[in-house]
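Asks: What would the 3D arrangement of this be:
(one chain, ligands or ions: 2)
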Amino acid sequence: MKIAKASVNICSPGRNFVTLKIETDEGIYGLGDGTLNGRELAVASYLSEHVIPCILHRDPFQTEDIWQYLYRGAYWRRGPVTMSAIAAVDMALWDIKGKALSTPVYNLLGGRSRDGVLVYAHAHGAGIDEACDDVARHLAMGYKAIRVQSGIPGLDATYGVPKGGQPYEPAERGLPSESRWSTEKYLNHVPKLFARVREQFGDDLHLLHDCHHRLSPIEAARLGRELEPFHLFWMEDPISAEFQEGFRVIREHTTTPIATGEVLNSIWDVHELIRNQWIDYTRLTLTHAGGFTALKKIADFAGLYHVRTGCHGPTDLSPVCMAAALHFDLAIHNFGIQEHMPHGKETDEVFPHSYRFEDGYMFPGDAPGLGVDLDEKLAAKFPYQRAYLPVLRKLDGTLWDW
Ligand code: EZ4
Ligand code: CO
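Replies: Residues are numbered from 1 along each chain as shown. Ligands and ions are numbered 1, 2, ... in the order given. All right, here's what the predicted structure looks like:
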């Protein structure tokens with residue numbers, strides 16, 4: 001079997017997605033997600049102009065050699081654009097392998113290591129009362145793990161809390177919006193939020209929180225320590241993820257488990273964090289970190305240090321990535337949890353899939369390959385629209401990490 005053709009689909013059914021379709025001379029095709037929120041066209045042109053011409057006529061079963069060719073062979077390595085493009089190819093090739101062998105991809109990764117994939121939902125509210133109502137709503141849906149974010153008194157907008165009642169969606173169409181930030185107000189508020197949530201909902205529920213890169217190591221240490229009585233599953237991205245050594249300070253001060261890595265792209269971005277046992281969960285995703293071929297190695301390395309996985313799973317990764325993540329999560333040994341932000345109706349219709357949610361767990365389904373498709377006719381009705389993530393400034397106007 002040979003790769004006969006490959007094409008990039010860019011569509012916007014609710015938000016932008018970049019999908020690579022690889023077709024073989026035997027009529028089998030595979031899909032890969034290359035979506036990079038706010039920088040979609042960079043990955044699309046990297047694929048069309050620089051990657052597709054190099055993979056034609058190759059054997060699609062050679063996932064390791066093709067991965068090495070695109071990574072080592074390109075001389076220029078790493079970074080979100082490159083690694084998302086490599087991931088899209090890798091995912092599509094594993095999809096082809098599964099379809100050619102008539103088996104779901106998880107069987108090619110070691111087979112099922114568990115019955116289902118524990119997922120966490122997002123609960124949020126303008127204040128503590130509203131956030132608690134949203135936790136109750138997600139509990140009623142069956143979720144066993146819930147991330148909680150709430151508005152901060154004195155700040156107009158906060159990460160993870162949408163304006164109005166709609167689901168949280170990080171990207172906004174048009175140019176980037178700007179909002180203001182105060183670390184002091186945030187640090188004073190968050191322990192109160194979790195005190196209330198634990199008091200109201202008891203000990204069984206797994207609670208998570210995303211600091212979204214905004215603190216210094218010692219500020220994160222203070223927050224982690226103050227959250228200890230509420231036993232979080234994890235405190236996510238307390239500081240900017242590329243500052244690997246900064247995590248040492250946090251670790252020395254608190255037993256609150258730490259997760260990071262959704263913006264990281266390779267083993268070289270996390271190996272100090274893992275080797276020094278400064279984190280408990282890696283957040284790297286298949287799409288932004290080079291696909292199955294790369295993430296399997298990162299997970300195996302992390303497993304040696306009792307670090308588990310918690311793949312990023314926002315709406316800005318397509319259902320192709322969600323499907324791929326569920327195969328990965330079901331198969332690897334040191335799986336921790338999977339983020340689940342359900343896609344909107346339009347997205348789900350453009351990407352029909354076999355995965356499903358039931359009683360707090362997700363299941364990839366038993367369709368051969370990834371079990372996800374792209375309805376290209378329907379996708380054409382939703383053309384790309386420029387969109388960006390917001391930009392953040394401190395109250396005095398200093399540019400800050402969003
Ligand atoms: O801000 O996916 O844990 N989830 C997150 C996400 C990220 C977006 C960025 O595109 O932090 O909401
Ligand atoms: Co996050």
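Asks: Against residue 386, how distant is the most centrally placed residue in the chain?
Replies: In the chain, the centroid-proximal residue (Cα atoms, centre = their mean) is residue 312; its distance is 2.0 Å. Relative to residue 386, residue 312 is positioned 23 Å away (criterion: Cβ to Cβ, to the nearest Å). (Each C-beta comes from the backbone N, C-alpha and C, glycine too.)
Asks: Quick one: name whatever helix or strand follows the helix or strand of the chain with the lowest mean pLDDT.
Replies: Ranked by mean pLDDT, DSSP states H and E, the helix or strand of the chain with the weakest confidence is strand 172-173, at a mean of 86. As assigned by DSSP states H and E, the chain's next helix or strand after strand 172-173 is strand 178-181.
Asks: Take that next one, keep the C-alpha atoms, and write them as CSV.
Replies: The C-alpha trace of strand 178-181 is given here as CSV (Å, rounded to 0.1, in the frame of the first residue of the first chain):
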residue,chain,number,x,y,z
GLU,A,178,-7.9,42.3,25.9
SER,A,179,-8.8,42.0,29.5
ARG,A,180,-7.2,42.9,32.9
TRP,A,181,-5.7,40.7,35.6
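Asks: Name every sheet partner of it and say whether each one runs parallel or antiparallel.
Replies: Under the criterion DSSP bridges, strand 178-181 sits next to strand 391-394 (parallel) in its sheet.
Asks: Quick check: buried residues in the strand it pairs with?
Replies: Of the residues in strand 391-394, residue 392 count as buried by neighbour count, 16 or more other Cβ atoms under 10 Å.
Asks: does any bit of that strand sit next to ligand 1?
Replies: No - Strand 391-394 stays clear of ligand 1 (Cβ under 6 Å from any ligand atom), getting no nearer than 11.5 Å.
Asks: average pLDDT across that strand?
Replies: Strand 391-394 shows an average pLDDT of 97 in the prediction.
Asks: next one: stretch 153-169
Replies: 85.
Asks: got it, and stretch 21-30?
Replies: Mean pLDDT, computed over stretch 21-30, is 98.
Asks: measure it end to end?
Replies: End-to-end distance of stretch 21-30: 6 Å, with Cα to Cα, to the nearest Å as the criterion.
Asks: Give me the distance from that stretch to the chain's centre.
Replies: When C-alpha coordinates are averaged (Cα atoms, centre = their mean, to the nearest Å), stretch 21-30 and its chain have centres 27 Å apart.
Asks: again with stretch 150-170
Replies: 20 Å.
Asks: Is it correct that the residue nearest to the centre of the chain is in contact with residue 340?
Replies: No - Residue 312 is beyond contact range of residue 340, at 10.9 Å (criterion: Cβ atoms under 8 Å).
Asks: Now the residue of the chain found nearest ligand 2: phi and psi?
Replies: Among the residues of the chain, residue 210 lies closest to ligand 2, at 4.3 Å counting by Cβ to the ion. Recorded main-chain torsions at residue 210 are phi -110, psi 110, according to degrees, to the nearest 10.
Asks: Output the below-cut-off pLDDT ranges for the chain.
Replies: 165 (pLDDT under 70).
Asks: quick one, domains of it?
Replies: 3-104, 108-368 (automatic domain parsing).
Asks: Look at the residue lying closest to residue 244 once chain neighbours are set aside and tell me its secondary structure.
Replies: Nearest residue to residue 244, sequence neighbours excluded (Cβ to Cβ, 6 or more residues apart in numbering): residue 272, at 4.2 Å. What DSSP: H, G, I helix; E, B strand; the rest coil gives for residue 272 is helix.
Asks: For the protein, which residues are neighbours of ligand 2?
Replies: Within reach of ligand 2 by Cβ under 5 Å from the ion, the chain has these residues: 210, 262.
Asks: The chain against ligand 1: which residues are in contact?
Replies: So the chain meets ligand 1 at 37, 170, 210, 212, 262, 312, 314, 316, 339, 389 (Cβ under 6 Å from any ligand atom).
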